[in-house]
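Participant: what's the 3D shape of this:
(one chain, ligands or ions: 2)
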Amino acid sequence: MTDTHALYTVNEIRQVEQAALANSPSYALMQRAGTAAGELAYELLQSTEKERRVLVLAGPGNNGGDALEAASQLMNAGLKVFITLPFPTDTLPADAQQALQRAKASKATFIASDDPAISSTDWAMVIDGLFGIGLSRAIDGPLHELIATINQLGCPILALDVPSGLNADTGAIVGDDAGIAIQATHTITFIADKAGLHTCEGRDFAGAVTVATLDIGGERFPPASMHLNHPALFAKCLRPRRHNTHKGSYGDVSVLGGAHGMVGAAVLAARAAAKCGAGRVFIACLADSLLYDSMQAELMSRLASNIDYSTTTTVAGPGLGTSRLARDILGKAIIANTPLVIDADALNLIGHEPALQEKLLARSAATIITPHPLEAARLLATTTQQIQGNRIAAARALAGTFRATTILKGSGTVIAAPDGTVVLNTTGNPALATAGSGDVLAGLSGALLAQGCPEWEAALAAVYLHGLAADELVKRGIGPIGLTAGELIPEIRSVLNQLVSG
Ligand SMILES: NC(=O)C1=CN([C@@H]2O[C@H](COP(=O)(O)OP(=O)(O)OC[C@H]3O[C@@H](n4cnc5c(N)ncnc54)[C@H](OP(=O)(O)O)[C@@H]3O)[C@@H](O)[C@H]2O)[C@H](O)CC1
Ligand SMILES: [K+]
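Facilitator: Ligands and ions are numbered 1, 2, ... in the order given. Now for the predicted structure:
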């Protein structure tokens with residue numbers, strides 16, 4: 001495949017697989033999958049000093065076949081391989097039957113899934129081939145117990161195609177609290193990459209993801225509607241500055257927020273906007289409580305009611321509250337039809353007020369909305385659990401309903417366009433789960449819009465840079481525990497400048 005950042009749904013992959021199976025000998029794809037998995041396992045095991053015992057979990061379908069094939073490869077490479085196959089073998093699909101015969105011939109040791117050796121052996125690695133894209137219900141009973149035991153082992157776990165128990169499309173654990181999934185350190189996924197490995201629980205359960213295409217050419221794939229975020233997707237809007245420019249060249253940002261007692265949120269967004277390149281930044285507070293920002297004297301303070309929203313990019317929401325005054329001024333900012341980022345309480349107001357929704361739909365200027373899952377649930381009149389159950393569908397629904405580029409925050413932030421295009425972000429870490437981090441993202445998004453970045457690229461760049469800054473800080477020991485949102489701002493400025501000059 002040429003498009004290395006493309007993501008496909010299970011349905012799409014099934015179609016590609018069927019077409020490929022029709023044109024190659026049966027069993028060839030499974031052999032390729034098993035070989036790719038065996039090679040990766042072997043490579044990962046090179047750094048281990050343990051006696052190289054590998055436990056292979058094989059399931060009742062073709063994912064189990066892949067695992068049995070990988071087991072044969074590793075036996076042939078001289079490792080000590082133990083296989084547990086806790087299912088009747090006479091109902092294995094034909095290809096998996098062949099893989100079973102080869103595994104038996106390789107003299108791998110078969111052990112029962114309740115053998116105490118599973119929890120007492122110091123395994124160098126576990127290979128998870130219980131279920132792949134054919135998982136159809138929550139994993140329960142003895143298999144649930146087996147997976148709980150495996151997750152406690154503390155050794156590297158290589159999942160084949162998908163960590164068993166994870167929905168490959170959504171990244172949710174199938175069956176939610178009733179289900180369970182393998183918590184892999186590595187996943188080798190077949191034919192094409194899958195969205196569920198990169199959002200919701202995906203990042204925690206899949207670990208490092210490798211794609212093995214099984215030699216299926218890119219021409220067999222439909223155009224992808226989902227991609228992983230990458231600078232190539234937005235680089236064209238982050239260009240070096242021309243010499244012959246002035247502050248007016250980089251736009252004004254006004255942060256509409258800061259109700260009484262909540263000015264800090266607006267200050268964080270405004271500082272982010274200033275340090276990410278906006279020409280001039282105004283803190284447009286509802287409350288008359290901020291004279292100036294002593295840490296960032298470049299910021300200008302105005303009463304929200306005195307701003308001309310037709311001449312500025314607006315970041316609406318940080319610390320805005322849901323008062324009548326907030327609602328009225330938000331309405332003015334929306335109808336001004338200038339670039340707009342809508343965050344926090346501005347989203348809550350829109351969720352409650354059909355009149356604001358109508359105004360939003362009448363806009364033609366750039367609009368980015370940045371809900372976290374609870375705000376998304378309010379906007380779509382549903383529950384957080386429903387949103388998290390299918391984050392991609394939720395982001396698409398928001399983008400379509402409000403005709404706005406949507407940034408659905410959370411692990412594996414989803415960026416969706418009204419036409420259904422989706423990008424999943426790859427940067428960021430739990431350090432971002434801190435108060436004010438959303439305000440910084442909103443301010444950064446506003447700064448990029450003010451500098452002329454189109455809304456789609458601005459959203460992709462903002463999310464990517466915000467996460468990358470957190471990753472860089474964590475590498476230096478500043479977080480994940482205790483990273484504060486304000487610390488992100490200078491780091492975002494650094495990674496932004498590096499990207500522009502690099
Ligand atoms: N076909 C090929 O050549 C290739 C396939 N690849 C690999 O195959 C899997 C997909 O294989 P598939 O057989 O469709 O599905 P699975 O192996 O994931 O699992 C299906 C079986 O699991 C049973 N099942 C489903 N959920 C549960 C559950 N919660 N508890 C117990 N059993 C469950 C299901 O039973 P049903 O009753 O639902 O029918 C099936 O028996 C793919 O992921 C790849 O790893 C490779 O890509 C190579 C080419
Ligand atoms: K698996």
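Participant: Residue most distant from the centroid, the protein?
Facilitator: Relative to the average C-alpha location in the chain, and by CA atoms, centre = their mean, no residue lies farther out than Ala105, which sits at 41.9 Å.
Participant: Give me the phi and psi angles of that residue.
Facilitator: The main-chain torsion angles of Ala105 are listed as degrees, to the nearest 10 and equal phi -70, psi -30.
Participant: ok, now Leu432?
Facilitator: Dihedral angles phi and psi of Leu432 (degrees, to the nearest 10) take the values phi -80, psi -10.
Participant: do Glu457 as well
Facilitator: Per-residue torsions, Glu457: phi -70, psi -40 (degrees, to the nearest 10).
Participant: Would you confirm that it contacts Arg239?
Facilitator: No. With contacts defined as CB atoms under 8 Å, Glu457 does not count as touching Arg239, sitting 11.3 Å away. Bear in mind the C-beta positions are built from the backbone N, C-alpha and C, glycine included.
Participant: Comparing the two, which shows the higher neighbour count?
Facilitator: The residue with more neighbours, out of Glu457 and Arg239 and counting by other CB atoms under 10 Å, is Glu457; that gives 18 against 11.
Participant: Could you measure from the more buried one over to ligand 1?
Facilitator: 34 Å (CB to the nearest ligand atom, to the nearest Å).
Participant: do the same with Gln498
Facilitator: Using CB to the nearest ligand atom, Gln498 is found at 38 Å from ligand 1.
Participant: tally of neighbours for that residue?
Facilitator: Under the criterion other CB under 10 Å, the count of neighbours that Gln498 has is 12.
Participant: Can you tell me the element it falls in?
Facilitator: Gln498 is part of helix 485-501 when elements are defined by DSSP states H and E.
Participant: same thing with Ala266?
Facilitator: Under the criterion DSSP H and E, the helix or strand holding Ala266 is helix 263-275.
Participant: what mean pLDDT would you report for that helix?
Facilitator: The predicted model gives helix 263-275 an average pLDDT of 97.
Participant: other SSEs contacting it?
Facilitator: Contact here means 3 or more CB pairs under 8 Å, 6 or more residues apart in numbering; DSSP states H and E; on that basis helix 263-275 packs against strand 252-257, strand 280-285, helix 437-450, helix 485-501.
Participant: Can you lay out these as a markdown table showing mean pLDDT?
Facilitator: Conversion of those to a markdown table gives the following (pLDDT from 0 to 100):
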| stretch | mean pLDDT |
| --- | --- |
| strand 252-257 | 98 |
| strand 280-285 | 96 |
| helix 437-450 | 98 |
| helix 485-501 | 97 |
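Participant: measure Ser437 to ligand 1 for me?
Facilitator: Using CB to the nearest ligand atom, one gets 35 Å for the distance from Ser437 to ligand 1.
Participant: what sits against that residue?
Facilitator: The neighbours of Ser437, taking CB atoms under 8 Å, 6 or more residues apart in numbering as the test, are His466, Ala485, Leu488.
Participant: which non-adjacent residue is nearest the residue farthest from the centre of the chain?
Facilitator: Closest residue in space to Ala105, ignoring its immediate chain neighbours: Ser72 at 7.7 Å, by CB to CB, 6 or more residues apart in numbering.
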